[in-house]
Structure formats: structure tokens, C-alpha cells
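Q: 3D model of this:
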Amino acid sequence: PPEADDPLRPAGLRVLKPGVWVDDVGVDDNGNIYNQYRRSSVGTWSNYDEAKADPFPRLPDPLLLNDGRPVRDAAAWWQRRRPEILEDFRATVFGRVPADLPGVTWDVTTETGEGGVKTKRILGRIDHASFPAATPAITVTLTLPAHAAGPVPVILAIGGRPAGASRPMPSGRAGRPAAPALSPAQQILARGWGYATFDPSSLQPDNAAGLTRGIIGLANRGAARKNQDDWGALSAWAWGLSRAVDYFETDPDVDARRLGVEGHSRWGKTALWAAAQDPRWAIAYVSCSGEGGAKLFRRNYGETTDNIAGSHWMAPRFRNYAGDWDALPVDSHELIALVAPRPVFVTGATQDPWSDPRGEFLALVAAGPVYRLLGAADLGTAKMPAPGVALTSGDLAFREHVGAHTDVPDWPVFLEFAARYLGTAPAAK
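A: The predicted structure follows:
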């Protein structure tokens, strides 16, 4: 039935805009509306009642092999269990990268210097002779301290703005914390590190029509996806990020052993999947990533599997789990565990229940046994901290900032956390 007449629609909602409903519970004293309800393609509605949030409290055990035997040491993790989990994510959630993709040829198209930094604009050209209608490319900007004495660590922000562009806090309403005085790029450069951006849209459009264009369209010669484990946009973007690492390994200004990847929202999903697959990412900052990112798939809170089951982000097979979440062979704590023992910083926001910060926190807690097995430190607690309090003493880290759906207020905390692993840059010349 129409949403307005749907008997399954939660009571007390009003329309905010077509397809989005809101309640009065999620409106704060400043008038910020943040409890948003959507009806999924399978007819389920969003939930924000914590009493209904855990219909499947038993998660898959990351330290139990598919044949039921326990993983007791690091060798069994690396040789058997980790490959099983990675295969399940590729087969059922994100899809597989084709084995016969064309190579990437790199060009530094411009290099400029001013204000104590130098900026390179880097283009990864992909041979599209097999299907000229698709013209994917990998577009990266790299800004570096102009007078570094040697190669420096680099933090890459997926979809980030080039250094020097402003990235303010959303809306600036009263009651929200002030934005840091420096932009993320300025904060990174102030540490003597490099700041890079990656443009996902130049590689793969962020829409369903793009599945016959971009790198996926090139691989399929313009045809629709036909296999259940064909890759979606998240896998395409993660593939492009690994190719960016290939470039960084050739750039004498970059210390490719000290690379970090950051993403917010859908790019947070991308950052986590990229770090899970490619161990060359030394650290990951996963901001407000929600379902398909750090949030538990089995949680019924905010964005759920039903909302993204048919998305161009995912493998076609993932749609089979709409309404049947507990049948998924994996969950997001295992996605985080694939990064182990490398550090991961996950964030949420008090005014972003759609991303389910508690579900993200619980996934970090459940990834802890793998980190401990590998000699790394877990989150240190199973109790969710108060908003604004950061948990950063271990190799898994978490913070829920006060405010809206943004990564801006958590950058200073992340960079302090990252400094433990990336160290300092060489002294300036």
C-alpha cells in the first residue's frame, strides 16, 4: 500500500520529504531532526527502539572454522579462518573483482607549489579499448610538505576535498560543537604528513545506471551484471584504492609503508572494505559508515540490510538476505577482524542514529577476540562510552561525537591515534 496507508508504518510519524518520515523523539532542543524512517524495498520500516534492536543477538564466531573447529593460534587464522571470512564477504556481500581487468597507467598531470606545500594531480588511465563507451579513470590529488627531508606518511580521504578547500561542519546550528580551527588537510599537513584525495565517481558512478558504465561496465562490456557474486560499487572503489597504493609505492615522496585510508558514510563502508582486503593500508578511519560498514548486519536499528540489499553498492546475491539477516554467513565484526592486527578507528554521531553508533561499537567489541589472538589490543571495554569520550588506548578505537552526520569533529582524535602508528615525518630540509 502507499506509505501513508501502510499498517506496518510505526505510529506517530510525519512526512519530512517523499520517502522519508520522522518522529518527535528524534528532534532535539534546537530543532534538529535526526530520527528518519524509511520503508525498505521488502516493506520493512526503520526502527529506533533499542528494545527491538537485537532480534539476532548471536553473531557468527570469527574464531570458529566453517567445519566447526576452533581457531586456536595465529597460524590457523592466517591460513584458514581469514581466507574463509574473506571469501564469504566476496561471495555474498560485496562481490568479486574480475581477474582480467586492464592495467592502470599513471601520469602526474600537474604539480604546483605554494604556501609551503606541493600538490600533484595524478591520473590513472585505464585501457578501455574493449568497450570505448566506458571511460573509467582513477583521480588522485596528493599534497605534501614542500620541504620534507624524505618520504612521508600519507592519509587518503575518499571523496575528500583537495587541500585548501573548505570542509565546514554541517549547518552550524546552535548546540553543535564548533568545527576544528584547521581543516582535515591542514591538520594532516601540520604533522608533516601528506594528504591525498580519491574521487570515486571518476572510477565508478554512485548509482545503479553506472553498473553498465565505469570500471564495472568496462569489465562487463556494457552488459548488466549476471552472476550472483559480481562486484558492486563498493568493491570497485576499493579496487581503485588499491591501485592508488600501487602508485604511492612508486612515488619517492611517499612512505608507502605508512598509509592511512579515511572515508565517511558510504566512503566509510569503502574504507573498511578496502583496508580489509589490502594490508598495505596501515590504518583506517571509518566514519559514520552504518550498514555495509562497521554496523552489525544483524542489528535492527536505523539503516539495515533491507535498505541496501538491492543496492548497486553490493553483490547481487546480497539481496537474498533482505528480511533474512540471520542467514548471512558473516557480520561486520568479521569485516573489522579482517583488518587485524592493524588499527581501526570507528566513529558515530549522536544525531546520526541511521548509522547506528551502538551497532558500530558492538561490532568493534566482537572483533576483539581476533585482535587479541594476533597479539593486538582490543577496545578495552564492552561498555559504550558517553558521547564525546574517545576509546583509543587499544588498536581498535571508537568515538561518538556530539552532533550530526560528519567526520569533521573526529579528525583531531583520529590523528592523535594514528600518530602512534605512523610516527613523525622526517625533519624539514
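
Q: where in the chain is pLDDT low?
A: In the predicted model of the chain, residues 164-179, 425, 427-429 satisfy pLDDT under 70.

Q: any idea which residue is closest to the centre of it?
A: Residue closest to the average C-alpha location in the chain (C-alpha atoms, centre = their mean): residue 268, at 2.1 Å.

Q: residue 289 is in contact with that one, correct?
A: Yes: with contact defined as C-beta atoms under 8 Å, residue 268 and residue 289 form a contacting pair (3.1 Å). From N, CA and C alone the C-beta is placed, and that goes for glycine too.

Q: hmm, residue 383 and residue 358 touching each other?
A: No: the pair residue 358 and residue 383 fails to qualify as a contact (C-beta under 8 Å) at a distance of 11.3 Å.

Q: between these two, which one's more packed in?
A: residue 358 (19 against 10; other C-beta atoms under 10 Å).

Q: gap between the more buried one and residue 125?
A: Distance check for residue 358 against residue 125: by C-beta to C-beta, to the nearest Å, it reads 44 Å.

Q: distance of the residue nearest to the centre of the chain relative to residue 339?
A: If you measure residue 268 against residue 339 using C-beta to C-beta, the figure is 13 Å.

Q: can you check residue 113 too?
A: Between residue 113 and residue 339 the computed distance is 35 Å (C-beta to C-beta).

Q: likewise residue 234?
A: Taking C-beta to C-beta, one finds residue 234 at 15 Å from residue 339.

Q: residue 408 too?
A: Summarising the geometry, the distance separating residue 408 from residue 339, computed by C-beta to C-beta, is 23 Å.

Q: doesn't residue 299 belong to a strand?
A: No: secondary structure assignment places residue 299 outside any strand; it is coil (DSSP: H, G, I helix; E, B strand; the rest coil).

Q: pretty sure it contacts residue 366?
A: No: when contacts are counted by C-beta under 8 Å, residue 299 is not listed as touching residue 366 (11.3 Å).

Q: between the two, tell me which one has more neighbours.
A: Looking at residue 299 and residue 366 with other C-beta under 10 Å, you find the greater number of neighbours at residue 299, namely 26 against 23.

Q: so what's the more buried one up against?
A: The contact partners of residue 299, by C-beta atoms under 8 Å, 6 or more residues apart in numbering, come to 53-54, 356, 358-359, 362.

Q: CA-only coordinates of stretch 196-208 in CSV, if you can.
A: As requested, C-alpha coordinates have been extracted for stretch 196-208 and formatted as CSV (Å, rounded to 0.1, in the frame of the first residue of the first chain):
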residue,chain,number,x,y,z
ALA,A,196,45.6,12.7,-0.6
THR,A,197,42.1,12.6,-2.0
PHE,A,198,40.5,9.9,-4.2
ASP,A,199,37.5,10.6,-6.5
PRO,A,200,35.2,7.5,-6.5
SER,A,201,32.9,8.9,-9.2
SER,A,202,35.7,9.0,-11.9
LEU,A,203,36.1,5.3,-11.5
GLN,A,204,32.6,4.1,-10.9
PRO,A,205,29.4,6.2,-10.7
ASP,A,206,27.5,6.0,-7.5
ASN,A,207,24.2,4.9,-9.0
ALA,A,208,22.5,1.8,-10.4
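
Q: tell me the gap between it and the middle of its chain.
A: Distance of stretch 196-208 from its chain centroid, counting by C-alpha atoms, centre = their mean, to the nearest Å, is 14 Å.

Q: buried residues in it?
A: For stretch 196-208, a neighbour-count test (16 or more other C-beta atoms under 10 Å) marks 196-200, 202-205 as buried.

Q: out of residue 408 and residue 339, which sits in the busier spot?
A: Taking neighbours as other C-beta under 10 Å, residue 408 and residue 339 compare with residue 339 leading, 26 against 20.

Q: spell out the secondary structure type for the more buried one.
A: coil.

Q: next one: residue 111
A: Here residue 111 is recorded as strand under three-state DSSP.

Q: how close does it sit to residue 192?
A: In this structure, residue 111 and residue 192 are 19 Å apart, going by C-beta to C-beta.

Q: who has more neighbours out of the two?
A: Neighbours per residue (other C-beta under 10 Å) separate residue 111 from residue 192, with residue 192 holding more: 18 against 11.

Q: that one contacts residue 422, correct?
A: No: at 10.3 Å, residue 192 does not count as touching residue 422 under the criterion of C-beta under 8 Å.
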